[in-house]
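Undergrad: what's the 3D shape of this:
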Amino acid sequence: MPDTTLQLPAIHLNGTSRESLIEALSDAASALREAIEKTAQTYPNARDYYVLPGEALRLAEHQHAFRMERLRDVYKELQGLAEGIDTAPGPRRSR
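TA: Model (predicted):
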């Protein structure tokens, strides 16, 4: 079983600043939040599937739910990385 613990970067003077890392992760999470909202709007509509044989609508609904779950998981991971970096030891820029 793979280790699912998020690997945080080391915060040090020769590396990317804590603030830059958090800003980039926050920007990515924000874009993903928008993607989640847009993808939610693509929920399968029965009128697009009733002419297909079998359980086409049900399959499309399950696939949509799985897609949404994966997007939410990545969003949570990005948030977790940003929070972990924020509380990690290392230098902070003076404000």
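
Undergrad: The residue nearest the centre of the chain: what's it in contact with?
TA: Geometric centre of the chain, nearest residue: Tyr75, 2.0 Å, by C-alpha atoms, centre = their mean. Going by C-beta atoms under 8 Å, 6 or more residues apart in numbering, Tyr75 touches Ala29, Leu32, Arg33, Ile36. For the C-beta atoms, the positions are set from N, CA and C on the backbone; glycine is no exception.

Undergrad: Of those residues, select the buried ones using a ChimeraX command.
TA: Only the buried entries of these go into this ChimeraX selection, using 16 or more other C-beta atoms under 10 Å:
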select :29,32
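
Undergrad: got CSV for the contacts of Tyr75, with distance to Ile11 too?
TA: Shown next, in CSV, are those (distance: C-beta to C-beta, whole Å):
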residue, distance to Ile11
Ala29, 19
Leu32, 23
Arg33, 25
Ile36, 29
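
Undergrad: From the contacts of Tyr75, pick the one nearest Asp48.
TA: Ile36 (21.3 Å; C-beta to C-beta).

Undergrad: tell me which element that closest one falls in.
TA: helix 18-40 (DSSP states H and E).
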